[in-house]
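Asker: pasting the structure only:
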């Protein structure tokens, strides 16, 4: 459809004559491309204020960066992009709008550059718009100069301290209460705070904050990070490679989801004060254990935690850093657990130890286990010793709620033993999935170069799979559906 000038004989083009709510649906498709969105404002007077009425507006510095094949750009490009980012923010937040501006959620993605006047202007524009009631919710994602599309670099302490100072200046420059009442989502990366209390103060002050992601953030001195925000709405907390002694959850009354990925503590990465997180339902622990890191019991970590509904454990194809323990120890924490996912177990390991999780979770419905493929693609075997854990299951044990069990990856005879244990114990099992399909590009490429290369000991043809399933079911009465995906991605159902 051709667009005509708004002053033509018909009083405007047909598109502009559509109702506001229809035009806003059109503009919503452009909300992630702020440059294109800004161009629509020059179509006519009618269009000028429409973008200011969008319920969600995203302004990212990436929109103003030129394309780069290798993901690296000279500093002048970033300076220019940040300047244009500030101009765009001024266009959307500072231009006269005659009461039309009503942005429910404003998402800002920008870089903590050394150019303080840009950061000051960004803070001024946003704070003023929030204070006027024209922006109700804020989402802020802060990047650092060291980041590119192709590689993420953790800067040295001096550089990271500089980023943290810029962030704290930006935070403290906001009028009292503005960020506390409007900031809903905050993502920080590569910041070394002078002291842990700086970051703790940000969390406590932002009472409207619902989502906090910290990547490569740490205090200058080795210490614990305390989350004590009794009036906070914080629902999701994710920490990745944060160099802290541990995370102490003191008060986070609305916290629902906690994820800790790659920690540096010697043992247990998180502690809960009594009643710290009464709403907690989902937890993910992801760690490739470093030499010297000790295993721990989940009951130690969850001692004062509320009962979980979902648990995700990822071992990075190296050491298993949890210790199997009795269901009496985990009884309260696992009493409502319905879903368990266990990822990246070392290949050729006996996974029967995971039965302790099943025994401790009486209402568990879904169990998903992923065993990594050959060490060729895991990087294992470089001086690491991975030992099997042992766990005995009582002969009389039965589980009445488990409906679905999925086993992925390097499936072998040891996993046959585990699958038989599950089928025997789970008296109401509906589905057992055995997925041996190879998804690793390195393994597939190795097989293409050398057809004799053995990708897996799991059978590839139907006769072999039939024999495997016969062994699996022998002597076990079950009505469960058994679905098998072979190494070559053929699917068989029994």
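Answerer: Received, thanks. The structure presented is a predicted model; accordingly, all values stated were derived computationally and were not measured. Numbering: from 1, shown residues only.

Asker: When you work out contacts or count neighbours from here on, use the C-alpha atoms and nothing else.
Answerer: Fine.

Asker: which residues of the stretch 351-494 of the chain score low on pLDDT?
Answerer: Across the stretch 351-494 of the chain, the ranges flagged by pLDDT under 70 are 373-388, 439-440, 447, 452-455.

Asker: quick one: the strands in it?
Answerer: Applying DSSP state E, counting those that start in this stretch to the stretch 351-494 of the chain gives strands spanning 366-371, 404-409, 431-435, 481-485, 491-493.

Asker: quick one: which of these is nearest residue 463?
Answerer: Each of the strands of the stretch 351-494 of the chain was scored for nearness to residue 463 using C-alpha to C-alpha, and the closest is strand 491-493 (10.8 Å).

Asker: I'd like to know how many residues surround residue 291.
Answerer: Number of residues near residue 291 (other C-alpha atoms under 10 Å) recorded here: 9.

Asker: returning to what we had before: export the strands of the stretch 351-494 of the chain to TSV and tack on distance to residue 297 and mean neighbour count?
Answerer: Listed next are the strands of the stretch 351-494 of the chain as TSV, based on distance: least, C-alpha to C-alpha, whole Å; neighbours: other C-alpha atoms under 10 Å:
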stretch	distance to residue 297	mean neighbour count
strand 366-371	19	20
strand 404-409	24	21
strand 431-435	28	21
strand 481-485	33	18
strand 491-493	38	14
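
Asker: Kindly reformat the ones you listed as JSON lines containing distance to residue 323.
Answerer: JSON lines is the format used below for the strands of the stretch 351-494 of the chain (distance: least, C-alpha to C-alpha, whole Å):
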{"stretch": "strand 366-371", "distance to residue 323": "17"}
{"stretch": "strand 404-409", "distance to residue 323": "21"}
{"stretch": "strand 431-435", "distance to residue 323": "26"}
{"stretch": "strand 481-485", "distance to residue 323": "30"}
{"stretch": "strand 491-493", "distance to residue 323": "35"}
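
Asker: where exactly do the helices run in the stretch 351-494 of the chain?
Answerer: For the stretch 351-494 of the chain, helices defined by DSSP state H, counting those that start in this stretch occupy the ranges 355-360, 375-378, 413-425, 441-449, 462-473.

Asker: now swap in the stretch 201-350 of the chain and tell me
Answerer: 298-301, 327-330.

Asker: Could you point out which of those sits nearest residue 210?
Answerer: Here helix 298-301 is closest among the helices of the stretch 201-350 of the chain (C-alpha to C-alpha), at 23.3 Å.

Asker: So what's the gap between the closest one and the chain middle?
Answerer: 22 Å (C-alpha atoms, centre = their mean, to the nearest Å).

Asker: wait, doesn't residue 53 sit right on residue 106?
Answerer: No: counting by C-alpha atoms under 8 Å, residue 53 sits too far from residue 106 to count as a contact (11.4 Å).

Asker: between these two, which one's more packed in?
Answerer: Set residue 53 next to residue 106 and count neighbours by other C-alpha under 10 Å: residue 106 wins out with 22 against 18.

Asker: ok, now which ones touch that one?
Answerer: Residue 106 is in contact with 56-59, 135-139, counting by C-alpha atoms under 8 Å, 6 or more residues apart in numbering.
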